[in-house]
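Undergrad: here is a sequence together with a model predicted from it:
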Protein chains: 2
Amino acid sequence: MVPAFFKNKILLASQSPRRQQLLRDSGFDMDVVRIDVEEDFHPDLRAEEIPLYLAEKKNKAYELAIQDNEILVTADTVVWLDDGVLNKPADMDEAGSMLRQLSGKVHTVYTAVCARTARDKILFSEASKVYFNDLSDEMIDYYLSYYKPLDKAGAYGIQEFIGYVAIKRIEGCYYNVMGFPVSRFIEEIRKHGW
Amino acid sequence: MVPAFFKNKILLASQSPRRQQLLRDSGFDMDVVRIDVEEDFHPDLRAEEIPLYLAEKKNKAYELAIQDNEILVTADTVVWLDDGVLNKPADMDEAGSMLRQLSGKVHTVYTAVCARTARDKILFSEASKVYFNDLSDEMIDYYLSYYKPLDKAGAYGIQEFIGYVAIKRIEGCYYNVMGFPVSRFIEEIRKHGW
């Protein structure tokens, strides 16, 4: 068991196993907390405005006290393609349709993070560009059959089959595409002396 | 158990657990084979010339017959920084020294792949740029204490603590930095009708 590297404890309000694993393996002591909030947003919001709004909204909805050595962390990830947003797909049909839209194109993944201590707050968003090769119908069917696209923005996980075989290039932070921009987060908490 | 996606079987001549996992999770049926060869190269070789030379050298050293549905794959990864190469560190002191050299800088990771069937051969190299944040002595000590830098070119794994906390940006294929440019490899074998 590797001991924690950072002194403050993260209260992570996310059910995403990727975010939980990323923060643990980055050397944080971490508890997962639950926040129930409607994840709706005004249709005029665009690109990073959407996750910035949702990450802050989730953060504000936490009602318990934050202790001196704790940082409450909320995050939201969206896939932005051709001037529109791809959220989590509602079903396998929509997942297949999203993958066909992403095929052969470049999209941007935005993850926003809102972090709050007892005294202070940080809110930022990080962008990564992702270049997809053409996806064959067979690749899409295989991915939908053996993986779980429904809890993922844009219906794909970069750390799974479809990311291995079809993502030829990224520009930006890889972990941002997985759902949490770890190195930017650490830079921000250091700047704030947390 | 997820069935294989690709029809040909890979004979992978690499002891790297990252390469083995990347190819398996990309949907290849795979056997690991052993090739013993000296990994030395002429000191005049530069940048991608080094892994191209070594990947081909390893491939040529395989003496068994390759069957019709098999692809023999060899690969080599180097880290290229400030006009010089970082190989696998010889010991923990050298690993620490490499990490201090990488700190706050941009380097390039080159992975070359040589793939051979009974009839044909492919050789290519893929480049990824990696941007490191400043590493503190504490981060380096923690990484050396709890992770295994000695089997990794440049003494780091992008998929571990040091990659999470310190790599702010990449330009290129992430899996190339891990040791195998999967999507480029698949593009190449499709071009050749393998």
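TA: Great, that's in hand. Predicted model, so just to flag it, every value in this text is computed and none were measured.
Undergrad: double-check that A:Asp40 belongs to a strand.
TA: No. With DSSP: H, G, I helix; E, B strand; the rest coil as the criterion, A:Asp40 is assigned coil and is not in a strand.
Undergrad: what about it, how many residues nearby?
TA: A:Asp40: 9 surrounding residues under other Cβ atoms under 10 Å in any protein chain shown. In this view, the C-beta of every residue, glycine as well, is placed from N, C-alpha and C.
Undergrad: per-residue pLDDT of the residue nearest to A:Asp68 when sequence neighbours are not counted, please?
TA: Nearest-residue entry for A:Asp68: A:Ala118, 6.0 Å, with adjacent residues in sequence omitted and distances by Cβ to Cβ, 6 or more residues apart in numbering or on different chains. Here the pLDDT value assigned to A:Ala118 is 96.
Undergrad: over to A:Val2?
TA: What the model reports for A:Val2 is a pLDDT of 87.
Undergrad: tell me how far it lies from A:Asp25.
TA: 8 Å (Cβ to Cβ, to the nearest Å).
Undergrad: quick one: A:Val37 is in a strand?
TA: No. A:Val37 is assigned coil when assessed by three-state DSSP, not a strand.
Undergrad: isn't it right next to A:Glu56, touching?
TA: No. Counting by Cβ atoms under 8 Å, no contact exists between A:Val37 and A:Glu56, whose distance comes to 10.7 Å.
Undergrad: neighbour count for these two, which is higher?
TA: Regarding A:Val37 and A:Glu56, a neighbour count based on other Cβ under 10 Å identifies A:Glu56 as having more, with 18 against 14.
Undergrad: if I've got this straight, the more buried one is in a helix?
TA: Yes. A:Glu56: assigned to a helix according to three-state DSSP.
Undergrad: is it true that it touches A:Ile122?
TA: No. Assessed by Cβ under 8 Å, A:Glu56 is found out of contact with A:Ile122, at 10.6 Å.
Undergrad: quickly list what's touching both of these two.
TA: Overlap between the neighbourhoods of A:Glu56 and A:Ile122 consists of A:Cys114, taking contacts as Cβ atoms under 8 Å, 6 or more residues apart in numbering or on different chains.
Undergrad: follow-up on the earlier one: Three-state assignment for the residue nearest to A:Asp68, please.
TA: Three-state assignment for A:Ala118 (three-state DSSP): coil.
Undergrad: OK, contacts around it?
TA: A:Ala118 is in contact with A:Ala65, A:Ile66, A:Gln67, A:Asp68, A:Glu70, counting by Cβ under 8 Å, 6+ apart.
Undergrad: what does chain A put close to chain B?
TA: Selection of chain A residues close to chain B by Cβ under 8 Å from any Cβ of the partner chain yields A:2-3, A:5, A:22, A:25-27, A:133, A:138-139, A:142, A:146, A:158, A:160-161, A:164-175, A:182-184, A:186-187.
Undergrad: can you tell me which of the residues you listed are in helices?
TA: Among those, the members falling in helices are A:22, A:25, A:138-139, A:142, A:146, A:161, A:164-166, A:174-175, A:182-184, A:186-187 (criterion: DSSP state H).
Undergrad: break down chain A into its strands, ranges please.
TA: Secondary structure of chain A, counting by DSSP state E: strands at A:9-12, A:29-32, A:70-81, A:84-86, A:106-116, A:121-132, A:167-172.
Undergrad: any figure for the gap between the residue sitting furthest away from the middle of chain A and A:Ile162?
TA: Checked against the mean C-alpha position of chain A, the extreme residue using Cα atoms, centre = their mean is A:Glu138, at a distance of 27.2 Å. As defined by Cβ to Cβ, A:Glu138 lies at a distance of 12 Å from A:Ile162.
Undergrad: next one: A:Phe124
TA: Distance check for A:Phe124 against A:Ile162: by Cβ to Cβ, it reads 28 Å.
Undergrad: tell me which of the two has more neighbours.
TA: Per other Cβ under 10 Å, whichever of A:Phe124 and A:Ile162 has more neighbours is A:Ile162, with 24 against 17.
Undergrad: need the pLDDT of that one.
TA: Each residue has a pLDDT score; the one for A:Ile162 is 97.
Undergrad: pretty sure it sits against A:Leu144.
TA: No. Shown here, A:Ile162 and A:Leu144 do not form a contact pair, counting by Cβ under 8 Å, at 9.5 Å.
Undergrad: minimum distance to B:Ala13: which of the strands of chain A has it?
TA: The closest of these to B:Ala13 is strand A:167-172. By Cβ to Cβ, the value is 24.4 Å.
Undergrad: which among the contacts of A:Ala118 count as buried?
TA: Under a neighbour-count criterion of 16 or more other Cβ atoms under 10 Å in any protein chain shown, the subset of the contacts of A:Ala118 counted as buried comprises A:Glu70.
Undergrad: closest to chain B out of the contacts of A:Ala118?
TA: Closest to chain B out of the contacts of A:Ala118 is A:Glu70 (19.6 Å), distances taken as Cβ to the nearest Cβ.
Undergrad: what sits against the residue nearest the centre of chain A?
TA: Centroid-nearest residue in chain A: A:Gly179, 2.4 Å away (criterion: Cα atoms, centre = their mean). With contacts taken as Cβ under 8 Å, 6+ apart, A:Gly179 has the following neighbours: A:Ser16, A:Arg18, A:Arg19, A:Leu22, A:Ala75, A:Thr77, A:Thr111.
Undergrad: which residues of chain A score low on pLDDT?
TA: Counting by pLDDT under 70, chain A contains no low-confidence residues.
Undergrad: I appreciate the help and will end here.
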